[in-house]
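Pasting the sequence and the predicted coordinates here, then a few questions.
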Amino acid sequence: MQNDDITPHINVDYFEDLTGNIEDGEKIDNLSGKKRETEDIGTKIRKLREKKGITIEELSNLTGFEKERLEKIEKGVVKPQLGTVMKLSRSLDSALSRLVSDVGSQLYSITRKSERKYISRSTSPEGEKKLYTYMSLAPEVKGRHMEALIVQLEENPAKDVSIHDGEEFIYVLEGVASLEIDGETHELNPGDSAYYLSTTPHLIKAKEERATILAVLYE
C-alpha cells in the first residue's frame, strides 16, 4: 500500500528561528549581543565607487547596468538582487562579502539557530516589489569566498533573469521554489536542491506566496 505521507529530508523545525518570520530579525552583533547598525548596500556601493574614483557613467559601462538604475541603488530606492551585487562587487574589485554582510574578522563561525543575523532585502529593478529577503549565516569569517544565506523568496511575475560570474547551491527548506534555468523550469520541494554555474541564465522564486531556501553563493 502506498504511503501518502511525505517526510521532509531534513527536520525543518531546526530552522524555525531562522525562517519563521525572517523580516522580524534584528541586526545583532554576535560578540556583544547588541543591535548593530549596518550600512545599506547602496551606500556601500557608492562609497566604494567614490573611493576608487569611478563615476556612475564608468560603472554603468563596466556592468552594463543603466545609469538611472545605479543611481536608484546607491540612493536606496532600489534594493539590488544578489546577482546584481555580485556583478557590482566584481566590477569594483571588491569581495561580495564586503557589500552583502560586511568584512569578517574571525577564522571560523559557529551559527546557533537562535542567533539572528544581518538582514537585507531585494526588490524589482523599479523598486516597486519585494522579491526576497535574506540574512547571512556566517558574516564573521574573514577572507571568505562563499556567502551562506537563508533566503525567503516571494513570487516574481516580472521574471528578472540573473546572469553573473560565480556558482550557486540552493536547498529548499519550506514551501515550493520555482527555478527557471537555461530555458527550463523546475519545481523544488523541501529537501530538493540545485547546483549551477551563475553564468547560466537563472531565476529562483516562490511558486506561490513564499518559500524559504538555504543558498550558498561562491564568487
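Received the coordinates, thanks.

Report the central residue of this protein.
Per CA atoms, centre = their mean, the C-alpha nearest to the average position across the chain is that of residue 82, at 4.7 Å.

mind listing the helices in this structure by residue range?
16-19, 41-51, 56-63, 67-75, 82-91, 96-100 (DSSP state H).

looking at these, which one has the lowest mean pLDDT?
The minimum mean pLDDT among the helices of the chain belongs to helix 16-19 (a mean of 40).

picking up where we left off before, with residue 168 as the reference, name the closest of the helices of the chain.
helix 82-91 (8.9 Å; CB to CB). For the C-beta atoms, the positions are set from N, CA and C on the backbone; glycine is no exception.

Which other helices and strands does that closest one contact?
helix 56-63, helix 96-100, strand 210-218 (3 or more CB pairs under 8 Å, 6 or more residues apart in numbering; DSSP states H and E).

Switch these over to a markdown table; also include distance to residue 45 and mean neighbour count.
Shown next, in a markdown table, are these (distance: least, CB to CB, whole Å; neighbours: other CB atoms under 10 Å):
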| stretch | distance to residue 45 | mean neighbour count |
| --- | --- | --- |
| helix 56-63 | 8 | 15 |
| helix 96-100 | 6 | 21 |
| strand 210-218 | 17 | 21 |
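
Including distance to residue 150, could these go into CSV?
Listed next are these as CSV, based on distance: least, CB to CB, whole Å:
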stretch, distance to residue 150
helix 56-63, 27
helix 96-100, 13
strand 210-218, 6
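
so which of those gets nearest residue 161?
Comparing these under CB to CB, the one sitting nearest is helix 56-63, at 15.7 Å.

how about the CA coordinates for that closest one, as CSV?
Included here for helix 56-63 are C-alpha records, laid out as CSV according to Å, rounded to 0.1, in the frame of the first residue of the first chain:
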residue,chain,number,x,y,z
ILE,A,56,28.4,56.4,-12.2
GLU,A,57,28.8,56.5,-16.0
GLU,A,58,32.0,54.4,-15.8
LEU,A,59,30.4,51.9,-13.5
SER,A,60,27.5,51.7,-16.0
ASN,A,61,29.9,50.9,-18.8
LEU,A,62,31.7,48.3,-16.7
THR,A,63,28.5,46.4,-15.6
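
Name the residues that touch it?
Here helix 56-63 makes contact (CB atoms under 8 Å, 6 or more residues apart in numbering) with 49, 54, 65-67, 70-71, 74, 87-88, 91-92.

Hmm, residue 196 and residue 164 touching each other?
No - using CB atoms under 8 Å, residue 164 is not in contact with residue 196; the gap is 11.9 Å.

Neighbour count: those two, which is higher?
residue 164 (21 against 15; other CB atoms under 10 Å).

Roughly how far does that one sit from residue 125?
As judged by CB to CB, to the nearest Å, residue 164 and residue 125 stand 15 Å apart.

can you check residue 52 too?
Relative to residue 125, and taking CB to CB, residue 52 is found at 24 Å.

Those two: who's more crowded?
Taking neighbours as other CB under 10 Å, residue 52 and residue 125 compare with residue 125 leading, 18 against 13.

Help me confirm that the more buried one comes into contact with residue 160.
Yes - between residue 125 and residue 160 there is a contact under CB under 8 Å: 6.5 Å.

Find the residues that touch each one of those two.
Shared contacts of residue 125 and residue 160 (CB under 8 Å, 6+ apart): none.
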